[in-house]
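Participant: predicted model follows, preceded by the sequence.
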Amino acid sequence: MRLVVVGPLAVSSLALGALALPVGPAHAATPSMTCSLSDSTAIPGGFDVLVKGAKPGVEVQVKEAHGGASGAADANGEFKSGFGPRGPATATQGKTTISCGTVSQANQHDAQAQYSKGFRQGLADTKADCKKQPPQGLTAVDPNFEKGYNAGAAAGLAKFCK
């Protein structure tokens, strides 16, 4: 009985081992880089480029219409650089080049994320007691979050509190 159970396990282990070999350290997959832009805190009217998911210790090049910067990614696979203008930027490491977009695109994405977050919270808060409450526990409310919260609360009242 033991041989019957161990035999398939041993064969399965060998099969899995053979499948796992190409993913070993010698053939590690290239990390998936991401790149984001945000308003700069150090350069008035400028922006910061943050690259994540790069190979640690390997050079990253960031370029935009008016210049560029390069340096090794830190131990976490991150590289950050600031620029004056707000043009589109790209990040390159090895043969991988990705688009970072523009600050206005990044701000628009953040606005959409804040609206969605507010909508979900407004819907949940209103569904809980059928009363529209102002967002709780926030010192400064993002205007997009507040718009989303109000829309979520209205949807909650209409759907769950008839």
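Facilitator: Yes, it's here. Numbers count the residues shown, from 1 in each chain.

Participant: quick one: list the elements packing against the helix or strand where A124 lies.
Facilitator: Element membership for A124 (DSSP states H and E) is helix 103-129. Helix 103-129 sits against strand 34-39, helix 143-160, with contacts defined as 3 or more C-beta pairs under 8 Å, 6 or more residues apart in numbering; DSSP states H and E. C-betas here are computed from N, CA, C, even on glycine.

Participant: select from these the stretch with the lowest mean pLDDT.
Facilitator: Taking each of these in turn, the lowest mean pLDDT turns up on strand 34-39, with a mean of 82.

Participant: in that one, which residues are buried?
Facilitator: Of the residues in strand 34-39, those buried under the neighbour-count criterion (16 or more other C-beta atoms under 10 Å) are C35, S36, L37.

Participant: what's that strand in contact with?
Facilitator: For strand 34-39, contacts defined as C-beta atoms under 8 Å, 6 or more residues apart in numbering pick out 46-53, 62, 89-91, 98-103, 105-107.

Participant: let's have the helices and strands packed on helix 103-129 in JSON lines, adding distance to S70.
Facilitator: Listed next are these as JSON lines, based on distance: least, C-beta to C-beta, whole Å:
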{"stretch": "strand 34-39", "distance to S70": "14"}
{"stretch": "helix 143-160", "distance to S70": "34"}
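
Participant: coming back round to it: tilt between the helix holding A124 and strand 34-39?
Facilitator: 90 degrees (axes from the mean of the first three to the mean of the last three C-alpha atoms, to 10 degrees).

Participant: just confirm N76 is within a strand.
Facilitator: No - counting by DSSP: H, G, I helix; E, B strand; the rest coil, N76 is located in no strand; its state is coil.

Participant: many thanks, have a good one.
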